[in-house]
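A.B. asks: Just need the structure, nothing else, for what follows:
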Amino acid sequence: MAMKVFLSAVVLIVGMASECGAIVAPPKHGAAFVAPGALPSSRPGLSLPLRSSHRRGAVTSARGGAPVMAASLTGTAKTATLAYAILVGAGGVFAGIKTGSKPSIISGVASCILLSIAYMKSSTPLALGTSVALSIVFGIRFKKTGKMMPAGMLGIVSALMSVLLGMAQFS
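C.D. replies: Okay, here's the model as predicted:
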């Protein structure tokens, strides 16, 4: 059972990462069309006006000037952040109920809240910081226990999220 959950999470994140190029595919393939100066949205026809930044390759919002993720990774990283928030929150609550551990519930819910805020505000740095911190925590736990479930699995998923969010942040 644990291996099925692990493989499902890895397939979900890898599948999301492989869909990056589909965001800019022509509409006949079911993806949003990205016109120059527009960011793809969840609904066809809606887009956020963007302007170039002084940094090479950076794109900023026309309203606030805050850096936004590159158009090809925006939807992927945002969707992955939501899936990751649900996985971490549900895992923390499940582990807390199963073992009676209040720290598991608190850390799972706190991480879920941080990742949900990152999702709602499209804050790649917040999601990246949270996933890197969780990668370190679960890596340490895996080294101490040697158990693949849950520390090893969540360490790998957190590392994959860190890579995806790092690509989105620094592309």
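A.B. asks: Tell me how far residue 118 lies from residue 78.
C.D. replies: Using CB to CB, to the nearest Å, residue 118 is found at 9 Å from residue 78. Placement of C-beta: from N, CA and C, glycine included.
A.B. asks: repeat for residue 144
C.D. replies: Residue 144 is 33 Å from residue 78, by CB to CB.
A.B. asks: Pick out whichever of residue 118 and residue 78 has more residues nearby.
C.D. replies: residue 118 (25 against 22; other CB atoms under 10 Å).
A.B. asks: For that one, pull up the helix or strand it's in.
C.D. replies: Assigned by DSSP states H and E, residue 118 belongs to helix 102-121.
A.B. asks: other SSEs contacting that helix?
C.D. replies: helix 71-99, helix 124-145 (3 or more CB pairs under 8 Å, 6 or more residues apart in numbering; DSSP states H and E).
A.B. asks: mind listing what's buried in the longest one?
C.D. replies: To tie it back to what came earlier, the one meant is helix 71-99. 71-78, 80-85, 87-89, 91-92, 95-96 (16 or more other CB atoms under 10 Å).
A.B. asks: For residue 100, grab phi and psi.
C.D. replies: phi 80, psi 20 (degrees, to the nearest 10).
A.B. asks: Residue 122 too?
C.D. replies: phi 50, psi 40.
A.B. asks: Relative to residue 82, how far out is residue 167?
C.D. replies: Relative to residue 82, and taking CB to CB, residue 167 is found at 17 Å.
A.B. asks: Next: residue 96.
C.D. replies: 21 Å.
A.B. asks: just residue 116 next, same as before
C.D. replies: 8 Å.
A.B. asks: Identify the residues contacting residue 108.
C.D. replies: By CB atoms under 8 Å, 6 or more residues apart in numbering, the residues touching residue 108 are 88, 89, 90, 91, 92, 93, 95, 96.
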